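Asker: quick check, what structure comes out for this input:
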Amino acid sequence: MADACCSGKRDTIAELGRKAEQRRVLIIVMVINLAMFVVEFGGGVVARSSALMADSVDMFGDSVVYALSLYALHRGERWEAGAALAKGGIILAFGVAVIFEIADKIANGVPPASGLMLGVGSAALVANLICLVLLWRFRRENVNMSSTFECSRNDVASNVGVLAAAGLVGLTGSAWPDIIVGGLIAVMFLHSAWRVLREAWPAWRAAKTSGRELLR
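Answerer: Numbers count the residues shown, from 1 in each chain. Below you'll find the predicted structure:
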């Protein structure tokens, strides 16, 4: 009986330790994303780059996502699933916004400054790789952390695309590589939103049902 009690306490302490680690990591990646949003959006405006601006707005969205993850961390499965649903909605909204921005660029596009794109895009890639490494061990912890890791992985892929676009813009002098990469980022956002919402909705429904049963 005592062994079972001690075992339960050990499990509780271990769970609290994991939550504390998750909170610390989420705060770090949230601060990194906020700082890089300012840097990358400013660089995108100066360089006239659709890909950089789209990626920077994604950085801001991720900051909101990490804030939601922090809020849901100690509030149970329903809150965690609800936060994941909100993240999926945010990713979807950004995907649609990028599509509208690309349409405007096609109509009025000017080739961006490839050198500035490379510099700012490289800094963003380093920042997002740091975030990905920090989140890696929590990627299967729960639906909340899984969806957070998904956002960070998307960022790394977006940054690689921005760097590729910068190189092609420099080689061709055309705005089309920037437009194409922006389009690919938009498609990635929409696909990721579908995956996050598909996983989070059943988890939220199950947690909601479980909560009702406990109240009976």
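
Asker: any idea how far the closest residue to Phe189 other than its chain neighbours is from Met30?
Answerer: For Phe189, ignoring the flanking residues on the chain, the nearest one in space by CB to CB, 6 or more residues apart in numbering is Gly95 at 3.1 Å. For the C-beta atoms, the positions are set from N, CA and C on the backbone; glycine is no exception. Per CB to CB, to the nearest Å, Gly95 is found 21 Å from Met30.

Asker: surely the residue nearest to Phe189 meets Gly183?
Answerer: No: the pair Gly95 / Gly183 is not scored as a contact, 10.5 Å apart, by CB atoms under 8 Å.

Asker: quick one: least confident helix or strand in the chain?
Answerer: Taking mean pLDDT, DSSP states H and E as the measure, the helices and strands of the chain show their lowest mean at helix 2-47, namely a mean of 70.

Asker: just the buried positions in the helix or strand just after that one, please.
Answerer: Under the assignment DSSP states H and E, the closest C-terminal helix or strand after helix 2-47 is helix 50-72. Burial within helix 50-72, assessed by neighbour count using 16 or more other CB atoms under 10 Å, is assigned to 50-63, 65-66, 68-72.

Asker: rounded mean pLDDT for the following helix or strand past helix 50-72, please.
Answerer: Reading on from helix 50-72 to the C-terminus, the next helix or strand found by DSSP H and E is helix 76-108. The average of the pLDDT scores along helix 76-108 is 74.

Asker: tell me what angle helix 76-108 forms with helix 50-72.
Answerer: Note on geometry: by axes from the mean of the first three to the mean of the last three CA atoms, to 10 degrees, helix 76-108 and helix 50-72 are set 170 degrees apart in direction.

Asker: which elements pack onto helix 76-108?
Answerer: The contact analysis (3 or more CB pairs under 8 Å, 6 or more residues apart in numbering; DSSP states H and E) places helix 76-108 against helix 50-72, helix 143-172, helix 176-215.

Asker: show me what the second one is packed up against.
Answerer: Helices and strands touching helix 143-172, as assessed by 3+ CB pairs under 8 Å, 6+ apart, comprise helix 2-47, helix 50-72, helix 76-108, helix 114-135, helix 176-215.

Asker: give me whichever of those helices is most buried.
Answerer: For these, the largest average neighbour count (mean count of other CB atoms under 10 Å) is found in helix 50-72, namely a mean of 24.

Asker: relative to helix 114-135, how tilted is that helix?
Answerer: Relative orientation of helix 50-72 with respect to helix 114-135: 20 degrees, computed using the same axes, to 10 degrees.

Asker: what is helix 50-72 packed up against?
Answerer: Using 3+ CB pairs under 8 Å, 6+ apart as the contact definition, the elements that helix 50-72 packs against are helix 2-47, helix 76-108, helix 114-135, helix 143-172, helix 176-215.

Asker: that helix: how far from the chain's middle?
Answerer: Taking the mean of its C-alpha atoms, helix 50-72 sits 6 Å from the chain's own mean (CA atoms, centre = their mean, to the nearest Å).
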